[in-house]
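**Student:** mind looking at a prediction? Sequence and model below.
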Amino acid sequence: MEKPSFLNKDFIHSYERRKKSHDYKDTYKYHIILKKQEKCGSFGKVIGDASILPGFPGCADIKRSLVGSIIKKHLFNFDKTYTSFQMLQFKVMPDHVHILLQVKERLPKHLGYYIGRLKAGIAEECSRRMNKIFSAEDIFKPNYTDRIVWSFINLQTLIKYIKENPHRLAMRIQFPEFFKKMRNLKIDDIDCDLYGNLFLLRNPDKMPLVVHHDATEEEIAQIAEDCVCNVLEKGIIVTAAISRKEKEIRDLCENYGGSLIRIQYEEFSEKFHPSEHDSDLCKEGRLLIISIKYPKGTKLIKPISRKMNQLAERICQPDFDVVLRTATASNRN
């Protein structure tokens, strides 16, 4: 994949980097994602009915494979084995694992040591029960993603997001037409039309992509790296993609398999259908298009650009999910 010209030569696009200035022995809460090794069998499959709300009998869930069941067992017992931790929530998905973990007291070793021991223990039990030698790398991709949970609001959003992972996956499988409808939603005081995957608004790891006109090449390269790392960590990029540099970074994120919320200022036509490219992304659940409903033909001026960028930043704020729950949404077709 050819890199845009503004990226520096040592551009890093690894989801597994640790934060250099952070103390991984101290008491923090973390959202951790372990990704399945490609050659490993699925951790489970979707069962249940996506039309039933999460938490009700018959709703979507994951029927775990033997490997998935072993993973669940070790997650359930993790804070019993390592009493400095509290397991707040976890979910074993077919190709990845979500872990919401609290460090209750200062650790004698780096957080990564305990995640490594978790993965090694899972591999050891898989070896015993399946009569085959497994290493951690046979089951999981190297290393892991970590995100620090800074606020109570973000914690509650994460718990809900992790619990409802099977529902969102089941919706993509069972009701692909759900992502090809136009809806109306009021975000704060802005009346918007939306097309695509509404569930992207629920992702707690959203990042605005805004490149200011006076940004240096080094600053743009850092924005690009942060955005790509975010989508590799299953986060979302939110952008109006107004400038050429923003479009290039948006395309880069798409090429790395990222999911996007894209803001446009012109209204959708009465019989709106996205381009073939955008339609494919919507069907994959990777795109949500938000229109702030200016009439067709309106000239893009600075106040409108500013409004779109402010909306992108607002959608990424930690309390946005709380605001979203109070909004009313209705089908247009």
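**Tutor:** Received, thanks.

**Student:** tally of neighbours for L185?
**Tutor:** 17 (other C-beta atoms under 10 Å). (C-beta placed from N, C-alpha, C; glycine too.)

**Student:** and what of S291?
**Tutor:** 20.

**Student:** residue boundaries of the helices in the stretch 201-333 of the chain?
**Tutor:** Counting by DSSP state H, counting those that start in this stretch, the stretch 201-333 of the chain has helices at residues 217-232, 244-255, 276-283, 302-315, 320-325.

**Student:** columns distance to I122, mean pLDDT and mean neighbour count on top of the ones you listed, output as CSV?
**Tutor:** Below are the helices of the stretch 201-333 of the chain laid out as CSV (distance: least, C-beta to C-beta, whole Å; pLDDT from 0 to 100; neighbours: other C-beta atoms under 10 Å):
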stretch, distance to I122, mean pLDDT, mean neighbour count
helix 217-232, 23, 90, 19
helix 244-255, 31, 93, 19
helix 276-283, 34, 89, 15
helix 302-315, 36, 94, 17
helix 320-325, 31, 55, 16
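
**Student:** which among the ones you listed is found nearest to Q156?
**Tutor:** Closest to Q156 of the helices of the stretch 201-333 of the chain, according to C-beta to C-beta: helix 320-325, at 8.4 Å.

**Student:** quick one, which of the helices of the stretch 201-333 of the chain is nearest to G196?
**Tutor:** helix 276-283 (4.3 Å).

**Student:** and the closest one, C-alpha only, in CSV?
**Tutor:** Output in CSV follows, covering the C-alpha atoms of helix 276-283 (Å, rounded to 0.1, in the frame of the first residue of the first chain):
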residue,chain,number,x,y,z
GLU,A,276,-21.1,1.7,-5.2
HIS,A,277,-18.0,2.2,-3.0
ASP,A,278,-20.0,3.8,-0.2
SER,A,279,-22.8,1.2,-0.5
ASP,A,280,-20.3,-1.6,-0.1
LEU,A,281,-18.9,0.0,3.0
CYS,A,282,-22.4,0.5,4.4
LYS,A,283,-23.2,-3.2,3.8
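
**Student:** residue farthest from the centroid of the protein?
**Tutor:** N131 (35.5 Å; C-alpha atoms, centre = their mean).

**Student:** related to what we said a few turns ago, tabulate the helices of the stretch 201-333 of the chain (TSV), appending distance to K104.
**Tutor:** Converted to TSV, those look like this (distance: least, C-beta to C-beta, whole Å):
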stretch	distance to K104
helix 217-232	28
helix 244-255	36
helix 276-283	41
helix 302-315	33
helix 320-325	26
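
**Student:** wait, which of those is closest to L185?
**Tutor:** L185 lies closest to helix 320-325 among the helices of the stretch 201-333 of the chain, at 8.0 Å (C-beta to C-beta).

**Student:** quick one: the strands in the stretch 101-250 of the chain?
**Tutor:** Ranges of strands in the stretch 101-250 of the chain, per DSSP state E, counting those that start in this stretch, are 145-149, 182-187, 190-196, 206-208, 236-239.

**Student:** could you single out the most deeply buried of the ones you listed?
**Tutor:** strand 236-239 (a mean of 25; mean count of other C-beta atoms under 10 Å).

**Student:** what sits up against the biggest helix by length in the chain?
**Tutor:** Using DSSP state H, we find that the single longest helix of the chain is helix 111-130. Residues outside helix 111-130 that contact it (C-beta atoms under 8 Å, 6 or more residues apart in numbering) are 18, 24-25, 30, 32, 34, 66-67, 70-71, 73-75, 78, 82, 85, 103, 107, 132-136, 138-140, 143-144, 146.

**Student:** just the buried subset of those, please.
**Tutor:** 24-25, 30, 32, 34, 67, 70-71, 74-75, 78, 82, 85, 103, 107, 134, 136, 139-140, 143-144, 146 (16 or more other C-beta atoms under 10 Å).
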